[in-house]
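**Student:** Have a look; sequence and predicted model below, questions after that.
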Amino acid sequence: MKNLLFLFVLLSTLCRADDGYRLWLKYDLIKDAARRAEYAGAAQFIAAADKSPVVQTAAQELQAGLQGLLGKPVAMAPGAGGKTGGILLTVDANTNTANAEGYQITRRQNNIVVSAKTPAGVLYGTFALLRHLQTGQSLANLALSSSPKVKIRMLNHWDNVNGSIERGYAGSSLWKWYELPERLDPRYRDYARANASLGINGTVLNNVNASPRFMTTEYLRKVAALAGVFRPYGIKVYLSVYFPAPKTIGRLPGADPLDPQTQQWWNAKVKEIYGLIPDFGGFLVKANSEGEPGPQDYGRSHADGANMLGKALEPYEGVVLWRAFVYKADPKGDRFKAAYEEFKPFDGKFHPKVIVQVKNGPIDFQVREPFSPLFGAMPQTPLAMEFQLTQEYLGFATHLVFEAPLFKETLDSDTYAKGKGSTVAKVIDGSVHGYPLTAMAGVANTGSDRNWTGHTMGQANWYAYGRLAWDHTLPSEQIAGEWVRMTLTQEPNAVKRITNLLMRSRETYVDYTNPLGLHHIMGYGIHYGPEPWLDRAPRPDWRHTYYHRADSIGVGFDRTASGSNALALYAPEVQKQWNKPETCPLPYLLWFHHVPWTQKLSTGRTLWDELCTRYYSGAEAVAGMQKEWDAVRPAVDPEIFDDVAGRLAVQRKEALWWRDACVLYFQQFSKQPIPAPLPKPERTLAEVKELVDIYQMR
Ligand code: GCW
């Protein structure tokens with residue numbers, strides 16, 4: 001009897017074991033019998049009269065989804081033919097949506113009708129309906145409608161030809177270049193499904209530090225094979241460009257963008273690409289940045305380079321995404337201003353095919369950054385937002401950091417470009433300046449790990465990015481809740497706890513790593529762990545003392561008129577919010593001010609005491625996260641539970657490194673005790689440095 005019981009428990013555990021592969025598209029049987037019956041009654045058949053591949057994809061996904069959720073097959077009917085009680089997927093040019101990719105879901109004559117102007121809209125509507133069912137919502141008064149706010153919603157993969165991923169923490173690349181085009185890994189399709197379910201409609205396959213290989217016919221055939229898998233999911237492929245490709249591959253003497261030979265080479269290359277991939281999305285370019293070649297090597301500007309590619313794309317639909325992530329090694333300058341100074345003078349001078357892609361902040365995907373001043377400064381140039389999903393500066397795949405609040409913080413910031421309400425989101429979506437092209441990019445956090453993102457909770461960042469690229473007005477909390485219910489559990493208490501855990505995670509990470517606006521003090525090169533003491537590097541702006549400027553007086557980078565004056569790049573209203581240390585919001589304080597250790601802050605504590613308090617409370621909060629996670633154990637899959645619990649334990653350990661490293665390091669300048677009742681670190685600065693050094697070893 002006992003043995004039997006053991007077997008039963010073991011079996012049920014095994015059956016439940018979930019490796020995370022299915023992401024938020026689990027389609028597990030709905031436990032609530034009444035809800036299941038309600039759905040079954042409304043989904044007796046699926047009718048998708050439109051034969052386009054994208055609509056047929058939608059129908060198949062719906063069928064697979066319903067089979068799982070209802071636990072029984074749902075038939076595909078050729079058309080409604082007067083029948084009721086089914087789901088109709090229809091392309092209808094008269095659907096009342098804001099744009100071609102939007103959808104409407106209504107109940108008509110006892111059918112559920114998913115309708116859109118285009119097949120892609122039907123696909124997105126179908127996934128929205130599935131989400132509605134997956135999250136267990138009622139069908140009474142079903143009426144959903146939504147349209148994407150930006151046109152190009154893409155992932156950027158920093159994947160290399162050898163299968164490695166720059167700043168990737170979830171295994172190796174999904175793309176198996178040596179097997180393509182002959183063998184198509186089934187995973188390519190699942191990748192496309194996941195993206196399409198969010199409305200992502202583009203993917204840049206290769207690293208912006210690009211290999212010229214991708215412009216060879218040999219590799220373009222491989223790319224075409226992937227495009228073929230993604231096409232029925234409404235996803236276009238894009239490629240990162242190695243700027244001197246005409247020289248490396250075309251054997252031209254150079255790649256000067258104003259040389260007619262260069263232009264001709266690109267024209268021919270683009271023609272070749274479209275011959276292989278008729279719906280090719282376009283190019284992403286990192287030029288004259290961090291050692292990558294570019295037009296400046298030929299005495300030309302970023303605009304010359306971008307416009308040359310724009311011209312080559314003229315006969316086709318594709319676009320050029322030209323990155324603004326550039327900064328010169330200038331010991332007297334402020335890296336904060338670099339992109340603005342390079343690009344602002346070219347506003348209005350770009351070819352209509354060009355979008356300038358700007359990172360959310362002026363430096364580099366730090367734990368918190370003020371929005372890039374370029375967002376307020378380019379009325380005549382379409383700007384794309386670049387977010388980073390992979391946690392380069394956010395603890396890799398070991399720290400739990402839900403990024404939606406970070407994305408929202410940037411998107412909701414007001415640039416005042418055209419008066420109050422000119423938020424970054426509204427600049428990006430074209431509503432402030434009427435940009436004809438609109439785009440958002442997320443540097444992917446996916447890899448070959450079975451669960452795609454290493455940390456199971458990292459899936460939530462992919463999910464949140466996709467949802468916000470579709471509709472930047474969605475609240476972070478709603479996104480978190482959806483993801484939890486589709487991915488982890490439906491148990492209401494657990495949903496609440498995990499949603500809260502996600503929602504607080506980013507601020508917690510800020511507290512134990514870079515509180516009060518500190519930035520760029522992470523481990524050199526690998527960008528992991530603390531290294532505020534770094535004062536030697538090949539370039540001044542790769543030294544961390546450059547950013548925090550700690551001295552006997554205080555800490556922080558004076559970017560007001562008395563310092564680098566980077567603040568002047570913002571609209572006067574923005575400057576006003578940040579220009580005085582007494583009124584600057586604490587999250588941005590040390591971004592803009594060098595503040596005395598003894599300065600009293602709005603919290604009533606001195607800067608030094610506040611800094612310590614945050615480092616300690618942040619590290620303590622991780623222990624709180626562990627407790628919260630323990631409390632949801634009965635409600636989540638055991639394999640996922642263990643995965644997250646293990647990673648939280650690493651996070652706790654490393655939060656303590658960060659805390660001890662930073663308070664001990666800055667204490668050398670502040671010369672003040674750790675404020676009571678906080679306990680003194682149990683180790684010396686030398687000891688923490690040694691630990692951090694291990695992670696820097698070859
Ligand atoms: O954040 C930095 C990374 C580089 C990256 C670069 C970029 C792809 O450390 O690894 O290179 O940004 O965005 O180009």
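**Tutor:** That came through fine. Residues are numbered from 1 along each chain as shown.
**Student:** In contact with the residue nearest to residue 247 when sequence neighbours are not counted: list those residues for me.
**Tutor:** Nearest residue to residue 247, sequence neighbours excluded (Cβ to Cβ, 6 or more residues apart in numbering): residue 255, at 4.8 Å. Using the backbone N, CA and C atoms, a C-beta is placed for each residue, glycine as well. Residue 255 makes contact with 243, 244, 245, 246, 247, 262, 293, 297, 298, according to Cβ atoms under 8 Å, 6 or more residues apart in numbering.
**Student:** Which strands or helices does the biggest helix by length in the chain pack on?
**Tutor:** Ranked by residue count under DSSP state H, the longest helix found in the chain is helix 638-670. Packing partners of helix 638-670 (3 or more Cβ pairs under 8 Å, 6 or more residues apart in numbering; DSSP states H and E): helix 492-513, strand 554-555, helix 607-631, helix 685-696.
**Student:** Let me know the angle separating the longest one from helix 492-513.
**Tutor:** Same thing as helix 607-631. If you take axes from the mean of the first three to the mean of the last three Cα atoms, to 10 degrees, helix 607-631 sits at 150 degrees to helix 492-513.
**Student:** Next, the buried residues of helix 607-631.
**Tutor:** Buried residues in helix 607-631, counting neighbours by 16 or more other Cβ atoms under 10 Å, are found at 607-622, 625-626, 628-629.
**Student:** would a markdown table of the helices and strands packed on helix 638-670 with distance to residue 538 be doable?
**Tutor:** Formatted as a markdown table, the helices and strands packed on helix 638-670 follow (distance: least, Cβ to Cβ, whole Å):
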| stretch | distance to residue 538 |
| --- | --- |
| helix 492-513 | 24 |
| strand 554-555 | 24 |
| helix 607-631 | 29 |
| helix 685-696 | 15 |
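**Student:** Indicate which one of the ones you listed is closest to residue 409.
**Tutor:** Residue 409 lies closest to helix 492-513 among those, at 8.9 Å (Cβ to Cβ).
**Student:** how far off helix 638-670 does the closest one point, in degrees?
**Tutor:** For helix 492-513 against helix 638-670, the angle by the same axes, to 10 degrees is 30 degrees.
**Student:** after helix 492-513 comes which helix or strand?
**Tutor:** Note on helix 492-513: by DSSP states H and E, the next helix or strand toward the C-terminus is helix 545-548.
**Student:** Now do that next one: which elements does it pack against?
**Tutor:** Judged by 3+ Cβ pairs under 8 Å, 6+ apart, helix 545-548 has no packing partners among the helices and strands.
**Student:** For it, the averaged confidence score.
**Tutor:** Per-residue pLDDT over helix 545-548 has a mean of 96.
**Student:** Only C-alpha atoms, please: export it in PDB.
**Tutor:** Coordinates of the C-alpha atoms in helix 545-548 are reproduced here as PDB (Å, rounded to 0.1, in the frame of the first residue of the first chain):
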ATOM      1  CA  THR A 545      35.700  56.000 -11.100                       C
ATOM      2  CA  TYR A 546      34.800  58.100 -14.200                       C
ATOM      3  CA  TYR A 547      31.100  57.500 -13.400                       C
ATOM      4  CA  HIS A 548      30.800  57.700  -9.600                       C
END
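**Student:** Now tell me what touches that helix from outside.
**Tutor:** In contact with helix 545-548 (Cβ under 8 Å, 6+ apart) are residues 518-521, 532-535, 540, 555-557, 590.
**Student:** now the strands: where do they sit in the stretch 201-350 of the chain?
**Tutor:** Secondary structure of the stretch 201-350 of the chain (DSSP state E, counting those that start in this stretch): strands located at 202-204, 236-241, 282-285, 319-323.
**Student:** and residue 148, how far is that from the ligand?
**Tutor:** 25 Å (Cβ to the nearest ligand atom, to the nearest Å).
**Student:** Could you double-check that that residue sits in contact with residue 473?
**Tutor:** No - Residue 148 lies out of contact with residue 473 (Cβ atoms under 8 Å); the separation is 11.7 Å.
**Student:** now the strands of the stretch 201-350 of the chain as TSV including distance to residue 481?
**Tutor:** As requested, the strands of the stretch 201-350 of the chain are exported to TSV (distance: least, Cβ to Cβ, whole Å):
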stretch	distance to residue 481
strand 202-204	27
strand 236-241	30
strand 282-285	33
strand 319-323	32
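**Student:** Need the ones you listed in a markdown table (columns: mean pLDDT).
**Tutor:** Shown next, in a markdown table, are these (pLDDT from 0 to 100):
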| stretch | mean pLDDT |
| --- | --- |
| strand 202-204 | 99 |
| strand 236-241 | 99 |
| strand 282-285 | 99 |
| strand 319-323 | 98 |
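**Student:** Quick one: these as TSV, columns for distance to residue 509 and mean neighbour count too.
**Tutor:** What follows is these, written out as TSV (distance: least, Cβ to Cβ, whole Å; neighbours: other Cβ atoms under 10 Å):
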stretch	distance to residue 509	mean neighbour count
strand 202-204	27	25
strand 236-241	29	24
strand 282-285	28	28
strand 319-323	26	27
